[in-house]
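# Here is my input; please provide its structure:
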Amino acid sequence: MLTGERVRGNGVIIQILKLRLLAFIFLLLAATQAMASVIASIEFIGNKNTQAFVLLQEMRSQVGDELDIATVKEDVQAIMDLHLFRDVKYSVYDSISKNNVRLVIRVTEKHYLFVLPEIRVDEVDKALHYGVRAYWDNIAGTNQSLRLKLREYGETLGVQDIRQSLEYTMPRIDGSPYTLNFFTEYRESVIEYSAADPQFRQEKKIGFNVDRWRHLDNRSSGWYLGTGLYREERNNSALYDGDVSLADLQGNFLQLRFGYQKINEYLFNRRGKDFGYILNTNRILFNEEDRFTKHLIFYRSYYRLKSHPMNNLNVQMQLGASDGDYLGDNVFSLGGSELRGYSERGLYNGNAMVLMNIEYLVPFSNNPAYRYGVLLDVGNAYDRAKDIDFKGLHTTIGLAFRWKVAAFVKVNIRLDIGYATDTGDSNIILNSRHLF
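Here you go, the predicted model:
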């Protein structure tokens, strides 16, 4: 009988000890929660040109929030994805106030003005052709950019083929999820409408686009919607007196698009996806005489291998179709720029198109800024979408060399050496931009 009472007494003591232990754990957790670090200030170091709001609008960590290191690391990558910096790091320091911390973001800025003279050798006439491209990024420290290109593509019947383009982009206007883009293009050239009636043509294009990131509180990545308006004119006149002039052509067009973009930028390569759909038409807002609608589905992926993070497998696929010509010409044109083994531009033309480009790149062991690899291009153009035949695709194989000029924004020197397997043609391309 005494033994039973002792057992019951011991049980009561154990229960009391358990309750006290639970109360102690609860109080410990509450104290720990109360002691959680709060961000008292966010400071930026190294942004001599870039204004602080450009960095802040990419961050989910804000003053007054509880410090979360995982979120801070994501913020650092989001700032790096702006392409404006060579390096982004963070540090956390104790503040004067208890449980408060200072979050410090250190950035190393790139150079924001890049001018590149261009010299191109024409494979047909072996003549030298000249041009210049200029990129001005992070204008006034606001991440706005200007793109200017001036080129001459040789002479035909005494007329120089001159091409000019200007583009201005304003991301995240006033901290909003909207991006505004203006563009204009101009070209003078000769088109050989017939051997007897060559035409002098002036082409003018001007327009704008507006894109919106899907979520108001999102960084500059994720799902987006976009629209734009543009006008293009093609004015023709007979090159010689007495010849027949082609009619002038012009049109107003609406562009609609949506897609997803999340690409992480690293010092020498990238990782992520970019895919979507683009519609160009004059059927919705405009009553044009020649009706036109173009559809384009695209997919790009940059794979950064886990076992070898400096290695990249890059893939791009495009599928396009149109219900008619665009201002008198076929909509799609493939050649030396897209199928890199063919020396002739615009070799395959049509109102439907299939294209795939693949690159596998590895770094030189002594310097990851330089990379080399192999390339594969597969594609063709067709008269109509129903004519698409995947058995009749043209194939290019070749070698790729890359130089990531990390000191400048989006400057990647590209050397491609391609070989066309069906014609035996070969081509060498030197450019300051990646193919995709």
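# quick one: low-confidence parts of the stretch 251-400 of the chain?
Within the stretch 251-400 of the chain, the ranges that satisfy pLDDT under 70 run 286-288.
# so where do the strands sit in it?
270-281, 293-304, 312-322, 332-334, 348-350, 352-364, 367-382, 394-404 (DSSP state E, counting those that start in this stretch).
# Against which helices or strands is the fourth one packed?
Here strand 332-334 touches strand 348-350, strand 352-364, strand 367-382, going by 3 or more Cβ pairs under 8 Å, 6 or more residues apart in numbering; DSSP states H and E. In short, each C-beta sits where N, CA and C put it, glycine included.
# which one of the strands of the stretch 251-400 of the chain is the most hemmed in?
strand 332-334 (a mean of 21; mean count of other Cβ atoms under 10 Å).
# How far off centre is it?
21 Å (Cα atoms, centre = their mean, to the nearest Å).
# Format the strands of the stretch 251-400 of the chain as TSV; extra columns: distance to residue 68.
Output for the strands of the stretch 251-400 of the chain, formatted as TSV (distance: least, Cβ to Cβ, whole Å):
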stretch	distance to residue 68
strand 270-281	23
strand 293-304	25
strand 312-322	31
strand 332-334	48
strand 348-350	53
strand 352-364	33
strand 367-382	31
strand 394-404	32
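# what's the closest of those strands to residue 234?
Of all those, it is strand 332-334 that lies closest to residue 234, at 15.2 Å by Cβ to Cβ.
# which residues are in contact with that closest one?
Here strand 332-334 makes contact (Cβ atoms under 8 Å, 6 or more residues apart in numbering) with 320, 322, 345-353, 355, 379-381, 394.
# which of the residues you listed lies closest to residue 178?
For these, the nearest to residue 178 is residue 320 (27.1 Å; Cβ to Cβ).
# residue contacts, the closest one?
294-297, 331-332, 352-353.
# For the stretch 101-250 of the chain, which segments are assigned as strands?
113-121, 128-139, 144-156, 159-170, 178-191, 199-213, 222-238, 249-265.
# can the ones you listed go into JSON lines with extra columns for distance to residue 413?
Shown next, in JSON lines, are the strands of the stretch 101-250 of the chain (distance: least, Cβ to Cβ, whole Å):
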{"stretch": "strand 113-121", "distance to residue 413": "9"}
{"stretch": "strand 128-139", "distance to residue 413": "13"}
{"stretch": "strand 144-156", "distance to residue 413": "16"}
{"stretch": "strand 159-170", "distance to residue 413": "20"}
{"stretch": "strand 178-191", "distance to residue 413": "24"}
{"stretch": "strand 199-213", "distance to residue 413": "28"}
{"stretch": "strand 222-238", "distance to residue 413": "29"}
{"stretch": "strand 249-265", "distance to residue 413": "17"}
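# got JSON lines for the helices and strands packed on strand 332-334, with distance to residue 217 too?
Shown next, in JSON lines, are the helices and strands packed on strand 332-334 (distance: least, Cβ to Cβ, whole Å):
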{"stretch": "strand 348-350", "distance to residue 217": "44"}
{"stretch": "strand 352-364", "distance to residue 217": "35"}
{"stretch": "strand 367-382", "distance to residue 217": "35"}
